[in-house]
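Asks: got a structure for you, letters missing:
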């Protein structure tokens, strides 16, 4: 991406969302000393970053990749999910996000070697969440396979 740009999310107009995956309080916080502060949230159970937003005195915990996609790609179509093209859950830039069907998401994960087949009655699933903590994913293999 050549340059970053910011947009306001329709559901959360008090916040500005950056094309590179950051969130900040917008200019609507007139009497706040926190205008423009970047929101950084924790990684959740499955390796996706969450941010806490407050709108009309209600708090929301939002998955960052979904917020970025919604802001720049529009609302998620029914039956679709957000996919990280390079499988790096920490890379929430708009160039790395796309809407896909759950079936296409599984095909993508299989192609990158991140999908585990069912074993002994356990659920089919993607690689365990611990594998997606920074430093644990074989990024060189993913980058090679995603081309």
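Replies: Noted; the coordinates are in hand. Small disclaimer: the values here were computed from a predicted structure and weren't measured. Residues are numbered from 1 along each chain as shown.
Asks: for residue 60, grab phi and psi.
Replies: In terms of degrees, to the nearest 10, the main-chain angles of residue 60 are phi -130, psi 140.
Asks: what helix or strand is the spatially most central residue of the chain located in?
Replies: Most central in the chain under Cα atoms, centre = their mean is residue 65, positioned 1.8 Å from the mean C-alpha point. Counting by DSSP states H and E, the element that carries residue 65 is helix 64-73.
Asks: so what touches that helix?
Replies: 7-9, 11-12, 17, 19, 21, 23, 41, 48-51, 76, 82, 84, 89, 92-94, 97-99 (Cβ atoms under 8 Å, 6 or more residues apart in numbering). Quick note: C-beta positions are derived from backbone N, CA and C, even for glycine.
Asks: from those, list the buried ones, please.
Replies: 9, 12, 17, 19, 21, 23, 41, 48-51, 82, 84, 89, 92-94, 97-99 (16 or more other Cβ atoms under 10 Å).
Asks: which ones among these map onto strands?
Replies: 17, 23, 50-51, 82, 84, 97-99 (DSSP state E).
Asks: thinking again about what came up before, per-residue pLDDT of the residue nearest to the centre of the chain, please?
Replies: Looking at residue 65, its pLDDT is 96.
Asks: please apply the same query to residue 75.
Replies: pLDDT, read off for residue 75, is 95.
Asks: please apply the same query to residue 40.
Replies: 77.
Asks: give me phi/psi at it?
Replies: Taking degrees, to the nearest 10 as the convention, residue 40 sits at phi -130, psi 120.
Asks: what sits against it?
Replies: residue 51.
Asks: how far away is it from residue 49?
Replies: 8 Å (Cβ to Cβ, to the nearest Å).
Asks: got it, and residue 73?
Replies: Relative to residue 49, and taking Cβ to Cβ, residue 73 is found at 18 Å.
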